[in-house]
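# Attaching a predicted model along with its sequence, questions to come.
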Amino acid sequence: MFKVPSEPNDGMQKQGSETDIDEGLYSRQLYVLGHEAMKHLQTSSVLVSGLRGLGVEIAKNIILGGVKAVTLHDQGTAQWADLSSQFYLREEDIGKNRAEVSQPRLAELNSYVPVTTYTGALVEDFLSGFQVVVLTNTPLEHQLQVGEFCHSHGIKLVVADTRGLFGQLFCDFGEEMILTDSNGEQPLSAMVSMVTKDSPGVVTCLDEARHGFESGDFVSFTEVQGMNELNGTCPIEIKVLGPYTFSICDTSSFSEYIRGGIVSQVKVPKKISFKSLLASLAEPDFVITDFAKYSRAGQLHIGFQALHHFCAQHGRSPRPHNEEDAAELMAFAQRVNAQALPALQQDSLDEDLIRKLSYVAAGDLAPINAFIGGLAAQEVLKACSGKFMPIMQWLYFDALECLPEDKEALTEDKCLPCQNRYDGQVAVFGSALQEKLGRQKYFLVGAGAIGCELLKNFAMIGLGCGEDGAITVTDMDTIEKSNLNRQFLFRPWDVTKLKSDTAAAAVHQINPYIQVLSHPNRVEPDTEHIYDDSFFQNLDGIANALDNVDTRLYMDRRCVYYRKPLLESGTLGTKGNVQVVIPFLTESYSSSQDPPEKSIPICTLKNFPNAIEHTLQWARDEFEGLFKQPAENVNQYLTDSKFVERALCLAGTQPLEMLEAVQRSLLLQRPETWADCVTWAYHHWHTQYSNNIRQLLHNFPPDQLTSSGALFWSGPKRCPHPLIFDVNNPLHLDYVMAAANLFAQTYGLMGSQDRAAVAVLLQSVHIPEFIPKSGVKIHVSDQELQNASASVDDSRLQELRAMLPSPEKLRGFKMYPINFEKDDNTNFHMDFIVAASNLRAENSNIPPADRHKSKLIAGKIIPAIATTTAAIVGLVCLELYKVVQGHQQLESYKNSFMNLALPFFSLSEPLAPPRHQYYNQEWTLWDRFEVRGLQPNGEEMTLRQFLDYFKKEHKLEITMLSQGISMLYSFFMPATKLRERLDQPMTEIVSHMSKRKLGHHLRALILELCCNDESGALTDA
């Protein structure tokens, strides 16, 4: 009697207690950290001391991250100045303990993380209960006391501080921290083409792609033929010799290399050592955030120590923009510098920098706290998990470019506190900017992770919170469980609600004065009647919070057309970027684009997979081709009388493929019962994993040679083997269960989850013997596929057409196309993908992928973590300060890229738009010709008049004129068509060519033209 497996399996072994991690909640973060790092987080208790704006930002991020427990410590009470950045304090909380007020609001973020408070002194017995201690807004004397205790007791320490436009971060993770993975990147692999017998041996990889390794990496080998000593050895350290070569150990005594082999990068744990705070204070190492300010880290290291001395003496920070306090801080800095060790001592202090530190030190800015808080929280996660390279050991940051370009604009009297929620910001920028921020009208596109963080920052800085101000936010998505891990404005009870509405309501709790209008719309041509000329013309700026390039490009075009500033940002795991687009000053988002993703050749997917990515993409294509496209085609056939005619007009073999698919769905494979669906799935399993492989091996036997005498099955071509169905193999049964249930769904039939019953049913299904056929053409390359003549026998098409049942006979019947949904574990979608892919991988001896990795690749999931989002949005909002003030100098703005895993930061001046010229007229992408379409007599301009206008007014002869994808005029247009079109009004031509009626909201047409000047030189506009 055969044994029936009770649980679905993906071909991988289950690991330990993975079920303890809520993958529904943490799915996007798991793709950043991995399961092992997450398990370490769940055993780590963290203390966050200081619950002002910086402390609450760090606490929020590590609670979302999923540590074991968080304790909030603060002995202070809420003040008006705290409200400028502490988003969990309300005006009614003034005078209450900051930690106690914040605790219930932070605890809501993650039900898996207990959040408690402590308001006593940081005594040693208390500190010893934590794995990580975070100090914020703490006097240097207390930092040193806690730092010495933590260092000597193996407790990891993070010290973070922000002062106005300045930030500081310090890490001490002990003298023997184990780093398991320094960068978080997927291990690289390459195919071997040669290994020499030498000391050291030199490995050459196939020249399809660069190996990507670096000297010092460790690698292992598999599938090497001949030099078997390499297979399964301990990881070998390499030295890179070139893009396709590297050296390894002494191979001179090894066997001769014959062929093949895969070399894979291995992540080898290593120890790293930190100095204590006291030792590192005297001899610091710096991580640079802005290489244009390379020398500032040492200056600010002195400046922050001087600031601590000032605060200790006066019991307060220097007064905003007060010259007396600035001079005193400078004197403190001179004394600190004079006593510093030679490694730190500055040749001369930057007096302007130290004075500005004094001017703004009393300030408390939400964007600076978001940036430093995001970084600090990521360091906490590194400390807990051993994943990613920590900051070694000091980081300083400043955003002085945010100050007014007019250096005389701010004086002490303009920055005095007014006992309101913006005091911490007014201390830096003065009250005039605060009023201007309140009047702003901004359009936020997207209310996901970046959108939530932007709204929080908008509320804290007061954007759109005054008279006539407003934020419009649009997002068509609803909230899912996986969003809760980083979209911190949402709670479990908000799942299925609209993101835009929920975010608007939540941010109103943070600042009741913010005025947010929420919409559930996409931004696209179809919504231009909503987001029309008057909408955009009333805006002061746009902030994108998008997750796809197409919508980014569309919004960029709108911003260029309406000449509005755009704040653009994005994240990918620990990586993030910010781009600021300023009319006439910078290039636009569209000016430069990433290269397109490298696509997998069709023949590789279909016949010659060599990586799990290939089998997963094949499985996704299978899903669409079995459970979506056939059902859509059948429904079109039944409801659209012109469907067959249109199908017959398609190119190549498409008409035959489409009609055969409809015939299969309606006649040959149409099931009546659940048993029929199981039978279909069983037959399809044999077709894909046995019969097709046997046909492939019939065409290309394992010992086949190419015309050059080389083995056909070598290099990237892995010789496959057919599978034999085994009902006791969980993966085989997984496939049948998933495929049968999905097939049943497409016909509206009831499925089943009874694996035992299906196993019994399969015993009675007969599979006919398969005999490979001669004359079957299998293309070896995409080039060969393209060159193949695709002729279709017309008589076969007519025969198929006649065989199809008439739609009248099937009145009332319809099929149900299935749209792939990766996040529902009960719908069989991922069950099918994982089983289909891993069976295909087994055919070609490719290591399988577990469900987690399969979901990442097949679902095209973007890894995400709250820390990166918080930090990136902090940088976005620093640019917002500049935009609102109207900075006009290109060097005032900063585009940013960072990777918190490395850690690496690059802040650079945006590029100016490329300049072009015709005659003596210079122009950029921000310039355009504006032509009045309505003439003084009230009649609309015709095409002839439009062409004449450019000849007369600009001495330019238009050679081509288009609108969108519609060509309105070209010099090579047939004469009859040209005569007909020349005297037509422009709007009539556009409507006719685009086959769309122009909407009443449209006030202008955007036309693109190519033209020649009088010398015949070509100009685009």
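Looks like it came in fine.

# Got the phi and psi for the nearest residue to residue 818 once chain neighbours are set aside?
If the residues on either side of it in the chain are set aside, residue 818 comes closest to residue 627, at 4.4 Å by CB to CB, 6 or more residues apart in numbering. Yep, even glycine has a C-beta here, placed from its N, CA and C like the rest. Backbone geometry at residue 627, expressed as degrees, to the nearest 10, gives phi -120, psi 0.

# got the contact list for residue 627?
Counting by CB atoms under 8 Å, 6 or more residues apart in numbering, residue 627 makes contact with 742-743, 745-746, 817-818.

# Which of these has the largest number of neighbours?
Counting neighbours by other CB atoms under 10 Å, the top entry in those is residue 743, with 25 neighbours.

# Now do the SS call for it.
When classified by DSSP: H, G, I helix; E, B strand; the rest coil, residue 743 comes out as helix.

# do residue 752 as well
Strictly by three-state DSSP, residue 752 counts as coil.

# got a pLDDT number for the closest residue to it other than its chain neighbours?
In space, and not counting its chain neighbours, residue 752 is closest to residue 674: 5.8 Å by CB to CB, 6+ apart. For residue 674, the model assigns a pLDDT of 97.

# before we move on, what about the one 3 residues further on?
The confidence metric pLDDT takes the value 97 at residue 677.

# Just flag the most distant two among the contacts of residue 627.
By the measure CB to CB, 743 and 817 form the most distant pair in the contacts of residue 627, at 12.4 Å.

# which residues of the stretch 301-450 of the chain score low on pLDDT?
Nowhere does the stretch 301-450 of the chain drop to pLDDT under 70.

# Count the neighbours of residue 947 for me.
Neighbours of residue 947 under the rule other CB under 10 Å: 18.

# For the remainder of this discussion, apply numbering that starts at 250.
From this message on, residue numbering opens at 250, which makes the last subject residue 1196.

# For it, list the residues it contacts.
Counting by CB under 8 Å, 6+ apart, residue 1196 touches 1207, 1218, 1231.

# Now, these that are in helices?
residue 1231 (DSSP state H).

# Could you tell me which of the contacts of residue 1196 count as buried?
Neighbour counting with 16 or more other CB atoms under 10 Å marks 1207, 1218 as buried within these.

# between the contacts of residue 1196, which is closest to residue 948?
Set against residue 948, the nearest of those by CB to CB is residue 1218 (53.2 Å).

# can you pull the contacts of that closest one?
Counting by CB under 8 Å, 6+ apart, residue 1218 touches 1192, 1196, 1207, 1209-1210, 1227, 1230.

# want to try JSON lines for those residues, with pLDDT and secondary structure as columns?
Listed next are the contacts of residue 1218 as JSON lines, based on pLDDT from 0 to 100; DSSP: H, G, I helix; E, B strand; the rest coil:
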{"residue": "1192", "pLDDT": "93", "secondary structure": "helix"}
{"residue": "1196", "pLDDT": "93", "secondary structure": "helix"}
{"residue": "1207", "pLDDT": "93", "secondary structure": "strand"}
{"residue": "1209", "pLDDT": "94", "secondary structure": "strand"}
{"residue": "1210", "pLDDT": "93", "secondary structure": "strand"}
{"residue": "1227", "pLDDT": "90", "secondary structure": "helix"}
{"residue": "1230", "pLDDT": "91", "secondary structure": "helix"}
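
# ok, the residues you listed vs residue 868, which is closest?
Nearest to residue 868 out of the contacts of residue 1218 is residue 1209 (CB to CB; 44.7 Å).

# pretty sure the closest one is touching residue 1256, no?
No. Using CB atoms under 8 Å, residue 1209 makes no contact with residue 1256, being 10.6 Å away.

# who has more neighbours, these two?
Each of residue 1209 and residue 1256 has its neighbours counted (other CB under 10 Å); residue 1256 has more, 19 against 16.

# Thought residue 1210 was touching that one, still the case?
Yes. Contact criterion CB under 8 Å: residue 1256 and residue 1210 qualify, at 6.1 Å.

# Now do the shared contacts for those two.
Shared contacts of residue 1256 and residue 1210 (CB under 8 Å, 6+ apart): residue 1217.

# Okay, helices next: where are they in the stretch 350-499 of the chain?
373-376, 389-401 (DSSP state H, counting those that start in this stretch).

# Just the C-alphas of the shortest one, formatted as CSV.
Written as CSV, here are the backbone C-alpha positions of helix 373-376 (Å, rounded to 0.1, in the frame of the first residue of the first chain):
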residue,chain,number,x,y,z
GLU,A,373,23.8,48.8,35.8
ASP,A,374,21.3,46.2,37.1
PHE,A,375,18.7,47.6,34.8
LEU,A,376,21.0,47.8,31.7
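
# for it, packing partners?
Here helix 373-376 touches helix 389-401, going by 3 or more CB pairs under 8 Å, 6 or more residues apart in numbering; DSSP states H and E.

# outside of the helix it packs on, which residues touch it?
Here helix 389-401 makes contact (CB under 8 Å, 6+ apart) with 371, 373, 376, 382, 384, 387, 404-406, 408, 421, 423-424, 523, 525-527, 530, 554, 557, 561.

# Could you pull out the buried residues of it?
389, 392-396, 398-400.

# looking only at pLDDT, what's the mean for that helix?
Confidence over helix 389-401 (mean pLDDT, whole number) is 97.

# how close does residue 605 get to residue 671?
Computed as CB to CB, to the nearest Å, the residue 605 to residue 671 distance reads 21 Å.

# Please apply the same query to residue 1208.
Separation of residue 1208 from residue 671 (CB to CB) stands at 56 Å.

# More neighbours: the two, which one.
For residue 1208 and residue 671, the more surrounded residue by other CB under 10 Å is residue 671, and the numbers stand at 26 against 15.

# ok, that one touching residue 331?
No. In this structure residue 671 lies outside contact range of residue 331 using CB under 8 Å: 11.4 Å.

# Contacts only, for the one residue sitting closest to the centre of the chain.
Note on the chain: the residue nearest the mean C-alpha position is residue 821, at 3.3 Å, using CA atoms, centre = their mean. When contacts are counted by CB under 8 Å, 6+ apart, residue 821 touches 1111-1113.

# Recalculate using a threshold of 10 Å.
The contact partners of residue 821, by CB atoms under 10 Å, 6 or more residues apart in numbering, come to 281, 1111-1113, 1117, 1148.

# Buried members of the contacts of helix 389-401 into ChimeraX, please.
In ChimeraX syntax, the buried subset of those is picked out as below (16+ other CB under 10 Å):
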select :371,376,382,384,387,404,405,406,408,421,423,523,525,526,530,554,557
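
# Among the contacts of helix 389-401, which ones are in strands?
382, 384, 405-406, 408, 421 (DSSP state E).

# Tell me the one of those residues nearest residue 1049?
The closest of those, once distances to residue 1049 are taken by CB to CB, is residue 405, at 69.8 Å.

# pLDDT below threshold where in the stretch 700-849 of the chain?
For the stretch 700-849 of the chain, no range has pLDDT under 70.

# in it, which spans are helices?
Remark: helices assigned in the stretch 700-849 of the chain by DSSP H, counting those that start in this stretch are 748-759, 782-786, 798-811.

# any chance of those in CSV, plus distance to residue 1077?
What follows is the helices of the stretch 700-849 of the chain, written out as CSV (distance: least, CB to CB, whole Å):
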stretch, distance to residue 1077
helix 748-759, 27
helix 782-786, 44
helix 798-811, 30
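
# May I see the ones you listed organised as a markdown table, with mean neighbour count added?
Shown next, in a markdown table, are those (neighbours: other CB atoms under 10 Å):
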| stretch | mean neighbour count |
| --- | --- |
| helix 748-759 | 21 |
| helix 782-786 | 13 |
| helix 798-811 | 17 |
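
# Mind putting the contacts of residue 1218 into TSV with distance to residue 535?
Formatted as TSV, these follow (distance: CB to CB, whole Å):
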residue	distance to residue 535
1192	64
1196	62
1207	58
1209	55
1210	57
1227	68
1230	67
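
# wait, which of the residues you listed is closest to residue 775?
Closest to residue 775 out of the contacts of residue 1218 is residue 1210 (24.7 Å), distances taken as CB to CB.
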